[in-house]
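Trainee: how would this look folded up:
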Amino acid sequence: MSENTAAVPATAPTVATPPPGVVVVHADLWCSFAHLAVHRLHATRARLGLTERVSFDLRAFPLELLNDAPSPRPGTDSEVARMASLEPAAGWQLWQAKDWLYPSTTLPALEAVLAAKEQSLRASELLDLGLRRAFWAESRCVSNRRVILDVAKETGGVDVAELEAALDDGRARRALADQTALSRTDAVRCSPHLFLPDGTDVANPGVEVSWEGAYGVGWPVVTGDDPRVYEDILLRAAA
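Mentor: Model (predicted):
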């Protein structure tokens, strides 16, 4: 779970309650806990037959801006084996590509996910899920524009030409900046943090974790995991 360690502004914005049938998900692509959560949201929604009734509104929680530094690769590497044991089907592997292809930023990918929302929440969901798998399971450089557009094409649900135009004119960059500002407040505590139509919110659903040693040096210790919470989350969102 990647927490907000940035200074909190004096006047802090709040998270608007989503409409019925929508779950707002604040998360970063670099976050293994978010990869786990997003996979479980998609898998549980499909199993419950709620794909047409519940949508996911992906929001950015850009750790590199909150921490004023890119995410350290030793940190993400240390999380793979432990998180993969909780949910192997999400797709995981230690980085397999050349070292210089390891992403130095997730901002272009986060911006692309926000830009895809102009097409539909479904397009944004598919791109977000595809980019997470591209990084965690396929060792692809999600910092790179060509990779982002290739993943968009592979989803089959994103208008790639429209997405490319949105990236050219930066139309989602304001939303990324606004969500970064929100991420600096106590309103959003970590990646992932979910907000439901009934006004409730859940940070890092179902998972209790601590760390042995400093981040990037030690490793996560998961002391509790209850994936059943996703059924409750989705049924409440659909109500």
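
Trainee: And the helices in the chain, which stretches?
Mentor: 32-47, 63-66, 73-86, 107-116, 121-136, 145-155, 160-169, 173-183, 229-238 (DSSP state H).

Trainee: okay, and for this structure, where does confidence drop off?
Mentor: Low-confidence segments of the chain, defined by pLDDT under 70: 1-13.

Trainee: Spatially central residue for the protein, please.
Mentor: Ala27 (3.6 Å; C-alpha atoms, centre = their mean).

Trainee: any idea how far Val54 is from that one?
Mentor: 17 Å (C-beta to C-beta, to the nearest Å). To be clear about C-beta, it is placed using only N, CA and C from the backbone, and glycine gets the same treatment.

Trainee: try Val217
Mentor: Distance, Val217 to Val54, by C-beta to C-beta: 39 Å.

Trainee: Look at the two and report which has more neighbours.
Mentor: Using other C-beta atoms under 10 Å, the more surrounded residue of Val217 and Val54 is Val54, with 21 against 12.

Trainee: wait, isn't the more buried one in contact with Leu235?
Mentor: No - when contacts are counted by C-beta atoms under 8 Å, Val54 is not listed as touching Leu235 (9.0 Å).

Trainee: gap between the residue nearest to the centre of the chain and Ala115?
Mentor: Distance from Ala27 to Ala115, by C-beta to C-beta: 17 Å.

Trainee: What is the burial count for the residue lying closest to Asp57 once chain neighbours are set aside?
Mentor: Nearest residue to Asp57, sequence neighbours excluded (C-beta to C-beta, 6 or more residues apart in numbering): Val24, at 4.7 Å. The local packing of Val24 (other C-beta under 10 Å) involves 21 other residues.

Trainee: What's the local residue count around Lys117?
Mentor: By other C-beta under 10 Å, the residues close to Lys117 number 20.

Trainee: OK, contacts around Ser78?
Mentor: Taking C-beta atoms under 8 Å, 6 or more residues apart in numbering, we find Ser78 in contact with 216, 218-220.

Trainee: Please tell me which one of the residues you listed counts the most neighbours.
Mentor: When those are compared by neighbour count (other C-beta under 10 Å), Pro220 ends up highest, at 20 neighbours.

Trainee: For that one, give me its contacts.
Mentor: With C-beta under 8 Å, 6+ apart, Pro220 has these contacts: 78-79, 82-83, 209-212.
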